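> missing the sequence, but the structure's below:
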């Protein structure tokens with residue numbers, strides 16, 4: 001009888017100075033991080049200094065206070081918030097059902113749906129707005145003249161972000177087992193989506209929501225060519241008329257979007273260690 005020798009190898013825990021294969025003490029890594037931070041933060045600092053340090057008045061918030069007091073700015077910002085709200089509802093209602101249905105019932109169509117979802121990347125906004133104006137203006141003039149038509153167009157622009165976020169969220173959980181268990185217990189599809197799928201997709205839904213808001217608050221071409229004054233159009237208008245008001249509005253909108261993504265990062269980090277079953281409960 002041949003003796004079998006068992007060898008036990010104890011793997012040392014990873015060093016706290018390494019994360020994801022990168023050494024935290026690597027000077028090259030810190031150089032890249034510093035250059036990227038300088039590239040992104042220096043323009044923000046320059047705009048903040050330009051709008052906060054007024055000639056002859058020193059450091060003051062006068063530029064921000066004056067521009068916020070303007071009625072058109074508040075009106076257009078509220079309009080963009082409303083458009084973003086309806087765009088989020090439309091995008092999530094369409095894409096959640098589409099991604100879930102193709103993943104569970106039609107997996108062979110997933111490459112086709114994925115290709116369709118990236119089409120807004122391939123079509124320039126200027127070509128998109130000229131095409132939709134040429135098609136809808138003769139047939140539905142009242143629709144294309146309404147400010148709410150932007151909800152449908154922005155839902156198309158946000159489709160790549162919404163699809164990617166929901167697809168990643170559904171792939172991170174065992175959605176097939178969860179839906180089959182819910183259906184086996186007698187729940188309908190709407191009840192399954194509301195009480196089983198959505199609680200497990202809170203981070204993905206929040207990410208899709210914030211990305212859609214960023215699209216709405218940053219889109220200028222479509223609204224401008226359709227002669228609809230949204231918040232980005234008003235920012236461009238103020239930038240042409242006021243030397244300090246335009247940069248102040250741009251910086252405020254950028255800070256709002258950055259704050260939303262910071263909240264998303266904190267929420268995702270807190271949810272990162274949770275289990276799908278725990279979220280289901």
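Everything's here; your move. Model, not experiment: these values are computed from the prediction.

> going forward, measure contacts and count neighbours with C-alpha atoms only.
Will do.

> helix or strand: which one has residue 36?
helix 27-52 (DSSP states H and E).

> what's in contact with the following helix or strand past that helix?
Per DSSP H and E, the first helix or strand lying C-terminal to helix 27-52 is strand 53-54. Here strand 53-54 makes contact (Cα atoms under 8 Å, 6 or more residues apart in numbering) with 59-60.

> now strand 53-54: mean pLDDT?
Strand 53-54 comes out with an average pLDDT of 76.

> low-confidence regions, this structure specifically.
1-25, 264, 267-281 (pLDDT under 70).

> contact partners for the most centrally placed residue in it?
By Cα atoms, centre = their mean, the chain has its centre lying nearest to residue 211, at 1.2 Å. With contact taken as Cα under 8 Å, 6+ apart, residue 211 is in contact with 158, 161-162.

> for the stretch 51-200 of the chain, what spans make up the helices?
Per DSSP state H, counting those that start in this stretch, the stretch 51-200 of the chain carries helices over the ranges 62-69, 71-104, 110-117, 119-122, 125-139, 141-145, 149-157, 159-171, 175-184, 189-192.

> can I get the ones you listed in TSV including distance to residue 217 and mean neighbour count?
TSV is the format used below for the helices of the stretch 51-200 of the chain (distance: least, Cα to Cα, whole Å; neighbours: other Cα atoms under 10 Å):
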stretch	distance to residue 217	mean neighbour count
helix 62-69	16	16
helix 71-104	7	17
helix 110-117	21	14
helix 119-122	17	12
helix 125-139	15	13
helix 141-145	20	15
helix 149-157	10	20
helix 159-171	15	20
helix 175-184	33	15
helix 189-192	31	14
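
> okay if I get the ones you listed as a markdown table plus distance to residue 218?
Supplementary listing: these in a markdown table, determined by distance: least, Cα to Cα, whole Å:
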| stretch | distance to residue 218 |
| --- | --- |
| helix 62-69 | 18 |
| helix 71-104 | 10 |
| helix 110-117 | 20 |
| helix 119-122 | 15 |
| helix 125-139 | 12 |
| helix 141-145 | 20 |
| helix 149-157 | 11 |
| helix 159-171 | 14 |
| helix 175-184 | 34 |
| helix 189-192 | 33 |
